[in-house]
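Got a predicted structure here, sequence first:
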Amino acid sequence: MANILPVSDLRNYNEVLKNCRKGEPVYLTKNGRGRFVV
């Protein structure tokens, strides 16, 4: 399942890291649109 989070969630960096898995991208959105992939 894709990990899709708003970019504003980066304020809580440790929570974002909990969603990160090796080989699985985390998609960050800005204003409801895809913006970055980590």
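Nice, thanks for sending it over.

ok, and for the helix or strand bottoming out on mean pLDDT in the chain, which residues are buried?
In the chain, no helix or strand scores lower on mean pLDDT, DSSP states H and E than helix 13-18, which sits at a mean of 84. By neighbour count on 16 or more other Cβ atoms under 10 Å, the buried set for helix 13-18 is residue 16. The way it works is simple: take the backbone N, C-alpha and C, and place the C-beta from them, glycine included.

CA-only coordinates of it, as CSV, when you get a sec.
C-alpha atoms of helix 13-18 as CSV (Å, rounded to 0.1, in the frame of the first residue of the first chain):
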residue,chain,number,x,y,z
TYR,A,13,9.7,14.0,11.5
ASN,A,14,9.8,11.0,13.9
GLU,A,15,6.2,10.0,12.9
VAL,A,16,7.1,10.2,9.2
LEU,A,17,10.1,7.9,9.8
LYS,A,18,7.7,5.3,11.3
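
what's the average pLDDT for the helix or strand that it is followed by?
Counting by DSSP states H and E, the next helix or strand C-terminal to helix 13-18 is strand 26-30. For strand 26-30, the mean per-residue pLDDT is 91.

Could you list the residues in contact with strand 26-30?
Applying Cβ atoms under 8 Å, 6 or more residues apart in numbering, the contact partners of strand 26-30 are 2-7, 9-10, 16, 19-20, 34-38.

Run through the residues that contact residue 6.
Counted by Cβ under 8 Å, 6+ apart, residue 6 has contacts 28-30.

and with 7 Å instead?
With contacts defined as Cβ atoms under 7 Å, 6 or more residues apart in numbering, residue 6 is in contact with residue 29.

For it, grab phi and psi.
Per-residue torsions, residue 6: phi -70, psi 140 (degrees, to the nearest 10).

excluding its backbone neighbours, what's nearest residue 16?
residue 9 (5.6 Å; Cβ to Cβ, 6 or more residues apart in numbering).
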